[in-house]
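**Q** What would the 3D arrangement of this be:
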Amino acid sequence: TGANLTGAALTNANLSGANLTKVNLPQAHLIGANLTNANLVGANLFGAILTNTNLTGANLTGADFTGKDLTGVNFTGANLTGVSFDRANLTKANFTNANLVGANLTGAIRSGAIFTDAKFFSS
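**A** Numbers count the residues shown, from 1 in each chain. A predicted model of the protein is given here:
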């Protein structure tokens, strides 16, 4: 945890279940990467390329995706509590069963995005 992976070429990498807490990933290429059940709490994703990434079941609590292109990202069952998707491109992203409590979707492009059974409010 806390590693510096700035600019890393991780396209199609299998990082399933990885503990990436507080990892620095600015400008990293994560296109098509498998981050299923990964812990990315506190990770720096500034400038990271995440299109078509699999984040099923990942913990991204408090992440900042402001203005990011998240086209085709799979967030199924992910913990997205307090995440900012402000002005992000969520085209064809999948949020099925995701926890979006406190998430900010202001100005986000949601064309074709799937929100089946996503949780937006705490019960």
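
**Q** okay but G67 is in contact with D86, surely?
**A** Yes: shown here, G67 and D86 form a contact pair, counting by Cβ atoms under 8 Å, at 7.2 Å. All C-beta atoms are positioned from the backbone trio N, CA, C, and that covers glycine.

**Q** Who has more neighbours out of the two?
**A** D86 (16 against 13; other Cβ atoms under 10 Å).

**Q** Disregarding residues adjacent in the polypeptide, which is nearest to that one?
**A** T66 (4.6 Å; Cβ to Cβ, 6 or more residues apart in numbering).

**Q** Give me the phi and psi for N34.
**A** For N34, the backbone dihedrals (degrees, to the nearest 10) come out as phi -100, psi 110.

**Q** Let me fix that, I meant to ask about A13.
**A** Torsion angles at A13 (phi, psi; degrees, to the nearest 10) stand at phi -70, psi 150.

**Q** Likewise for N4?
**A** Backbone torsions of N4, given as degrees, to the nearest 10, read phi -110, psi 110.

**Q** before we move on, what about A9?
**A** According to degrees, to the nearest 10, A9 has phi -90, psi 100.

**Q** gap between it and A98?
**A** Distance of A9 to A98, computed by Cβ to Cβ, to the nearest Å: 28 Å.
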